[in-house]
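Participant: pasting a predicted model and its sequence here:
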Amino acid sequence: MTDAPESAAPASAAAPPPPGGRAGAGDALRFAFGTLTVLPVRVRRWDRAAARGGMLCAPLAGLVVGVGAAAVGTALLALGGSPLLAATGSAAVPAALTRGLHLDGLADTADGLGSARPPEDALRIMKQSDIGPFGVITLLFALVAQVAAVSGLYAGGWARGAVAVVVSATVARCALTLACRRGVPAARPEGLGAAVAGAVPRGAAAGCAALVCAAAAALGATGGPSGAVHTAVAVVVAVAVAEGLLRHCRRRFGGVTGDVFGALAETAALTALVVLALG
């Protein structure tokens, strides 16, 4: 999720005027997959109720992305590829399935934060189509660190690498759910960020995070009890680091934007991978 097309959602999210009333599970899933991936899903509702359900379902979209990334990495290993090649393939899948929008959000947010300008000027810098030096450097190191971490994990066995890739993609979208909780304002009155900011009740966001942590621990348990604990710790640390970035962005920009959401997702994903790689 990013502000790159600030005035519109992804192409698959084009929809007629949203109906009123409570959003169903189908509307929530369509919102999540239609806005967070390039999968051919049409968002039929574009209102706060759909946004609330959609952002609660965001980790499910991350799970699908992660499974796809793990499948590519595992297939490359099975075909005789090196852990580095498998890691590169796994890193490419999330970028492809999001059109690189989260990475673009990370770069734009880095430019905004690095500018040291007042909020209005920083937000204007983030909306520009080009990427500045802070964005380039941040993007470069983030991708190198991601591939390096996943490569080390695949070197320890395909299952270890696959679990890490799935967990990182899922916790990345969980960070978006938490960032959409009530009380977190939008920095701009328009754009995808404004559409979802503050849409999720605090209790529901916390419950979603707890569920993701428990599911990650269960997945990590394939490596034994220590694997379960290690994976749960990775989720907690990733969420905490993303929360720290969120608080900083709120102070600097006055709220969140689509670019900030993209930066949060990439930060949480990389943090989880690094923690898992250090075990």
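Facilitator: Ah, there it is.

Participant: after the helix ranked longest in the chain, next one along is what?
Facilitator: As assigned by DSSP state H, the longest helix anywhere in the chain is helix 225-253. Downstream of helix 225-253, the first helix or strand assigned by DSSP states H and E is helix 258-277.

Participant: avg pLDDT for that following helix?
Facilitator: Mean pLDDT, helix 258-277: 97.

Participant: which residues does the residue nearest to Ala232 when sequence neighbours are not counted contact?
Facilitator: Counting by Cβ to Cβ, 6 or more residues apart in numbering, the nearest residue to Ala232 once its immediate chain neighbours are dropped is Ala217, at 4.1 Å. Bear in mind the C-beta positions are built from the backbone N, C-alpha and C, glycine included. By Cβ atoms under 8 Å, 6 or more residues apart in numbering, the contact set of Ala217 is 228-229, 231-232, 235.

Participant: pLDDT at Ala217, what is it?
Facilitator: Value for Ala217, per-residue pLDDT: 97.

Participant: how about Ala228?
Facilitator: 96.

Participant: closest one of the contacts of Ala217 to Pro94?
Facilitator: Nearest to Pro94 among the contacts of Ala217: Val235, at 17.1 Å, using Cβ to Cβ.

Participant: follow-up on the earlier one: want to throw the contacts of Ala217 into a markdown table with distance to Val167 and neighbour count?
Facilitator: Output for the contacts of Ala217, formatted as a markdown table (distance: Cβ to Cβ, whole Å; neighbours: other Cβ atoms under 10 Å):
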| residue | distance to Val167 | neighbour count |
| --- | --- | --- |
| Ala228 | 11 | 18 |
| Val229 | 13 | 14 |
| Thr231 | 6 | 28 |
| Ala232 | 10 | 20 |
| Val235 | 7 | 28 |
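
Participant: ok, so of these, who is nearest Arg117?
Facilitator: Using Cβ to Cβ, these come closest to Arg117 at Val235, 34.1 Å.

Participant: distance of the closest one from Leu178?
Facilitator: Going from Val235 to Leu178 by Cβ to Cβ, to the nearest Å gives 12 Å.

Participant: re earlier: ok, the contacts of Ala217 vs Asp108, which is closest?
Facilitator: The closest of those, once distances to Asp108 are taken by Cβ to Cβ, is Val235, at 26.0 Å.

Participant: my guess is the closest one contacts Ala210, does it?
Facilitator: No - the pair Val235 / Ala210 is not scored as a contact, 9.9 Å apart, by Cβ atoms under 8 Å.

Participant: buried ones in the lowest-mean-pLDDT helix or strand in the chain?
Facilitator: Sorting the helices and strands of the chain by mean pLDDT, DSSP states H and E puts helix 192-196 at the bottom, at a mean of 82. The neighbour-count check on helix 192-196 (16 or more other Cβ atoms under 10 Å) flags 192-196 as buried.

Participant: circling back: tilt between the longest helix of the chain and helix 258-277?
Facilitator: Here helix 225-253 runs at an angle of 150 degrees relative to helix 258-277 (axes from the mean of the first three to the mean of the last three Cα atoms, to 10 degrees).

Participant: check the offset of helix 225-253 from the chain's centre.
Facilitator: 12 Å (Cα atoms, centre = their mean, to the nearest Å).

Participant: helices or strands up against that helix?
Facilitator: helix 101-114, helix 119-127, helix 158-179, helix 202-220, helix 258-277 (3 or more Cβ pairs under 8 Å, 6 or more residues apart in numbering; DSSP states H and E).

Participant: so which of those gets nearest Leu63?
Facilitator: Closest approach to Leu63 among the helices and strands packed on helix 225-253 (Cβ to Cβ): helix 158-179, 4.9 Å.

Participant: how about that closest one: buried residues?
Facilitator: Neighbour-count burial for helix 158-179 [16+ other Cβ under 10 Å]: 158, 160-179.

Participant: same question for stretch 116-131.
Facilitator: So, applying 16+ other Cβ under 10 Å, buried residues of stretch 116-131: 122-123, 125-127, 131.

Participant: chain center to it: distance?
Facilitator: That offset, for stretch 116-131, works out to 21 Å (Cα atoms, centre = their mean).

Participant: what's the end-to-end length of that stretch?
Facilitator: Between the opening and closing residues of stretch 116-131 lies a distance of 16 Å (Cα to Cα, to the nearest Å).
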